[in-house]
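Q: this one's sequence-less:
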């Protein structure tokens with residue numbers, strides 16, 4: 001992260017899309033209480049065929065060589081048969097790659113990471129494994145038996161890989177379903193996200209799992225921060241999230257974009273402002289339509305997806 005300082009500084013002067021939050025698939029082998037993405041391809045199997053193929057994802061990297069950072073998400077990214085090749089291509093093309101997984105496919109995750117680290121290049125690979133409490137709570141939230149055991153097995157295997165380019169996190173999503181559980185996760189490499197009702201998660205109606213600022217403050221009292229740039233950024237994110245001040249304007253659509261599995265481009269995972277581009281119609285070059293400054297329905301959510309890029313590229317906004 002620190003070695004990217006010159007590139008980041010140059011983009012602070014002149015804004016440029018620098019991060020892609022890329023959803024690789026809506027397939028998922030869990031049924032989380034705070035997310036309905038797993039229902040999409042099950043209820044509409046034909047949508048699976050519309051997801052971008054490997055050559056299309058490779059084309060994105062070919063046509064956008066100035067991207068610094070790619071976040072790979074889903075669904076469960078490791079359900080893709082070509083995930084090893086996607087991961088290797090991403091790390092060969094950009095400086096920072098982070099990928100989120102539920103950790104259910106231990107062999108596949110471990111193999112994919114090991115093969116990717118064979119690349120003779122400097123990059124940062126961050127793997128975040130979902131863990132939302134103790135065995136009982138985590139399995140209940142995921143809706144799948146033995147989910148906890150598989151996640152912990154994947155975590156243990158990846159910790160045994162000795163490579164300075166690799167960082168392993170446990171991702172803890174705070175919701176009504178797991179309040180009070182963070183204190184049982186005794187490790188500093190925990191990253192926090194907040195369960196919210198986003199169009200991306202396909203949750204409709206009342207959000208009975210949403211948490212208050214007071215509840216978030218109480219939960220993160222048990223968080224152990226890493227003493228590095230990652231820990232500093234997370235601490236800044238949480239400090240602003242739990243402050244009494246209104247959330248700042250983020251950099252979605254300015255420095256960061258969300259791309260769904262069909263190549264549609266949005267400002268963020270809230271789909272705020274609607275579709276602003278289509279990679280399949282622009283030969284996979286990022287071409288944005290619309291004016292980010294004219295978006296009127298932004299919720300100023302301050303989610304980690306957009307808060308982190310904001311802290312990096314527009315740090316004065318959190319002051």
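A: Received it, and whenever you're ready, just let me know what you need. Quick caveat, the model's predicted, so the values are computed rather than measured. Numbers count the residues shown, from 1 in each chain.
Q: show me where pLDDT drops low in the protein?
A: 1-2, 203-207, 290-296 (pLDDT under 70).
Q: now the helices for it?
A: According to DSSP state H, the chain carries its helices in the segments 5-13, 39-43, 54-63, 83-93, 106-116, 135-142, 147-159, 213-220, 229-241, 304-313.
Q: give me the buried positions along the second one.
A: This means helix 39-43. By neighbour count on 16 or more other C-beta atoms under 10 Å, the buried set for helix 39-43 is 40-41. From N, CA and C alone the C-beta is placed, and that goes for glycine too.
Q: mind giving me the packing neighbours of that helix?
A: Helices and strands touching helix 39-43, by 3 or more C-beta pairs under 8 Å, 6 or more residues apart in numbering; DSSP states H and E: there are none.
Q: what's around residue 160, how many residues?
A: 8 (other C-beta atoms under 10 Å).
Q: for the chain, what's the longest strand?
A: When the chain is scanned for its longest strand (criterion: DSSP state E), the result is strand 166-174.
Q: helices or strands up against that strand?
A: So strand 166-174, by 3+ C-beta pairs under 8 Å, 6+ apart, packs with strand 124-130, helix 147-159, strand 190-194, helix 213-220.
Q: distance from the chain centre to the last one, please.
A: In this case it means helix 213-220. 21 Å (C-alpha atoms, centre = their mean, to the nearest Å).
Q: sorry, back to before: can you lay out the helices and strands packed on strand 166-174 as TSV showing mean neighbour count?
A: Shown next, in TSV, are the helices and strands packed on strand 166-174 (neighbours: other C-beta atoms under 10 Å):
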stretch	mean neighbour count
strand 124-130	22
helix 147-159	19
strand 190-194	20
helix 213-220	15
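Q: out of the ones you listed, nearest to residue 313?
A: With C-beta to C-beta, the closest approach to residue 313 among the helices and strands packed on strand 166-174 belongs to strand 124-130: 16.8 Å.
Q: for residue 173, give me its contacts.
A: Contacts for residue 173 (C-beta atoms under 8 Å, 6 or more residues apart in numbering) come out as 34, 130, 132, 192-195.
Q: distance of it relative to residue 10?
A: 34 Å (C-beta to C-beta, to the nearest Å).
Q: and what of residue 238?
A: Counting by C-beta to C-beta - residue 238 and residue 10 are separated by 28 Å.
Q: picking up where we left off before, name the strands paired with the longest strand of the chain and say parallel or antiparallel.
A: When pairing is defined by DSSP bridges, strand 166-174 lines up against strand 124-130 (parallel), strand 190-194 (parallel).
Q: any idea which of these gets closest to residue 243?
A: Residue 243 sits nearest to strand 190-194 of all the strands paired with strand 166-174, at 14.3 Å, using C-beta to C-beta.
Q: next, count neighbours for the residue lying closest to residue 309 once chain neighbours are set aside.
A: With C-beta to C-beta, 6 or more residues apart in numbering as the criterion, residue 309 has its nearest non-adjacent residue at 4.4 Å, and that residue is residue 256. Around residue 256 there are 24 other residues, counting by other C-beta under 10 Å.
Q: who's residue 256 bridged to?
A: Applying DSSP bridges, one finds that residue 256 bridges with residue 19, residue 252.
Q: before we move on, the earlier item: mind putting the helices and strands packed on strand 166-174 into JSON lines with distance to residue 180?
A: What follows is the helices and strands packed on strand 166-174, written out as JSON lines (distance: least, C-beta to C-beta, whole Å):
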{"stretch": "strand 124-130", "distance to residue 180": "18"}
{"stretch": "helix 147-159", "distance to residue 180": "16"}
{"stretch": "strand 190-194", "distance to residue 180": "14"}
{"stretch": "helix 213-220", "distance to residue 180": "7"}
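Q: between those, which gets nearest to residue 110?
A: helix 147-159 (4.7 Å).
Q: contacting residues around the closest one?
A: 30, 101-106, 109-110, 113, 127, 129-131, 134-135, 138-139, 142, 166, 168, 170.
Q: quick one: residues contacting residue 289.
A: Contacts of residue 289 (C-beta under 8 Å, 6+ apart): 276-277.
Q: now do residue 171
A: Residue 171 touches 100, 128-131, 190-193, counting by C-beta under 8 Å, 6+ apart.
Q: touching, the residue nearest to residue 309 and residue 21? I think so.
A: Yes. Look at residue 256 against residue 21 with C-beta atoms under 8 Å: they come within range, at 6.6 Å.
Q: quickly list what's touching both of the two.
A: 268, 305.
Q: which of the helices and strands packed on strand 166-174 sits closest to residue 268?
A: Evaluated with C-beta to C-beta, the helices and strands packed on strand 166-174 place strand 190-194 nearest to residue 268, the distance being 13.9 Å.
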